[in-house]
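pasting the sequence and the predicted model now:
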Amino acid sequence: MCITLNSKNKFGFVDGSIAQPAETNPMAGALFRCNNMVLSWLLNAMAKDIVDSLLYLDSARAVWVDFHDRFQQTNTPRIFQLKQMMNSSMQGALNVNSYYTRMKMLWDELKTCQPTPVCCCGGMKAWNDYMEQEFVMLFLMGLKDSYTSIRSQILMMETPPSISKVFSLVIQEERHWVVRNAIGTETFNGAMESANVALTQGGRRRPTCTHCGLLGHIVVQCYKLHGYPPGYWSKSKGTSSPSATTKAQQCGSSLKPVGLQSSSSPHVSSTVAPTCSTSVPSATSSSAASVMALTTD
């Protein structure tokens, strides 16, 4: 309110520097209008239950004095509260800018409640530097553990920096952390994207069999579960299907010797004839007799 009144050049109506003029004063009308305007500003800025007790006061100065006497309090409880809040303030989930703003608001209010004496000899400079270092220590104590390195660097400086310099160093450290985390996130996303590309074909994700764990088919199409088709040839290993291999083994195991030995013909020896039921028929008694006749002739 004081800032608003000063900007309008009307603060003299509440601090008493502009006295109420006499009715014979030619400027009395203009001053009364200005007084009523300031009075309306004050009443509009107050709560309704407070305004009801001030309606019968006719000057802005009287309203200001009544309001000041009614709500004026000593600064000691507020100073205790401010110092307690500053000592217990922690950064937590706030960023550095928000944390600094909150601490700066508390510190400025504390300086207002404890005004520094005015000195023209320069002796108060040491006191002001000491108070600023107190603020720096409170600010550093509330930072998160991730700022331990920059906090150690600030504390080891020979010349204690100002609070503005400390804030600049800490905010640079925060930006460094943000950039490093962003690079790590991009690297992780790139690795995940590469893995997804390896699992995709034609823009779609390839299915995975729940039986054998291979890509490209589902369980109802799994050869290992339902059997290989005839003539299946594995491209990866260059081997035929288990069914074709088994059939060939069965045919090979069915080969047996057919003895056609004659005591009168020494040139006739035992031969081996395939007897696989699928391709080579077995020798009968008539065919054996025909072969015997030809050999005896």
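That came in fine, so what should we check first?

would you say Tyr100 is within a strand?
No: under DSSP: H, G, I helix; E, B strand; the rest coil, Tyr100 falls outside any strand and is assigned helix.

neighbours of it, just the number please.
Applying other CB atoms under 10 Å, we find 21 residues neighbouring Tyr100. Placement of C-beta: from N, CA and C, glycine included.

residues touching it, list them.
The contact partners of Tyr100, taken as CB atoms under 8 Å, 6 or more residues apart in numbering, are 139, 167, 170.

please redo it, this time with the cut-off set to 6 Å
Shown in contact with Tyr100 (CB atoms under 6 Å, 6 or more residues apart in numbering): Phe167.

quick one: it and Ser89, what's the gap?
Distance, Tyr100 to Ser89, by CB to CB, to the nearest Å: 11 Å.

then Thr148?
18 Å.

likewise His68?
Distance of His68 to Ser89, given as CB to CB: 31 Å.

straight-line length of stretch 218-232, end to end?
Using CA to CA, to the nearest Å, one end of stretch 218-232 lies 18 Å from the other.

how about it: buried residues?
If you call a residue buried by 16 or more other CB atoms under 10 Å, then stretch 218-232 has these buried ones: 223, 228.

so Gln133 sits against Pro160, correct?
Yes: applying CB atoms under 6 Å as the test, Gln133 and Pro160 come out as touching, 5.4 Å apart.

so Leu5 is in which element?
Assigned by DSSP states H and E, Leu5 belongs to helix 2-7.

list the contacts of that helix.
By CB under 6 Å, 6+ apart, the surrounding residues in contact with helix 2-7 are Phe11.

one more pass at 10 Å, please.
With CB atoms under 10 Å, 6 or more residues apart in numbering as the test, helix 2-7 has contacts from 10-15, 38, 41-42, 45, 60, 64.

for the residues you listed, which one is nearest Pro207?
Of all these, Ala45 has the smallest distance to Pro207: 71.0 Å, by CB to CB.

just the pLDDT for the residue nearest to the closest one when sequence neighbours are not counted.
Setting aside the residues directly before and after it, Ala45 is nearest to Met1 in space (CB to CB, 6 or more residues apart in numbering), at 6.1 Å. You'll see Met1 listed with a pLDDT of 75.

separation between Met1 and Tyr130?
Distance, Met1 to Tyr130, by CB to CB: 33 Å.

same check on Cys209?
Here Cys209 is placed at a distance of 75 Å from Tyr130 (CB to CB).

likewise Ser162?
Taking CB to CB, one finds Ser162 at 13 Å from Tyr130.

out of these two, which sits in the more crowded spot?
Per other CB under 10 Å, whichever of Ser162 and Tyr130 has more neighbours is Ser162, with 14 against 10.

before we move on, back to that, ok, of the contacts of helix 2-7, which come out buried?
Using 16+ other CB under 10 Å as the threshold, 10-14, 38, 41-42, 60, 64 are the buried ones among those.

ok so, going back, who's more crowded, His68 and Ser89?
Neighbour count, other CB under 10 Å: between His68 and Ser89, Ser89 has more, with 17 against 10.

quick check: that one touching Ser98?
No: in this structure, Ser89 is not within contact of Ser98 by CB atoms under 10 Å, at 11.5 Å.

buried set for the helix holding Leu5?
Leu5.

what lies in contact with the helix or strand that that helix is followed by?
Tracing the chain past helix 2-7, the next element assigned as helix or strand by DSSP H and E is helix 12-15. Applying CB under 10 Å, 6+ apart, the external contacts of helix 12-15 come out as 1-2, 5-6, 18-20, 31, 34-39, 41-42, 59-65, 67-68.
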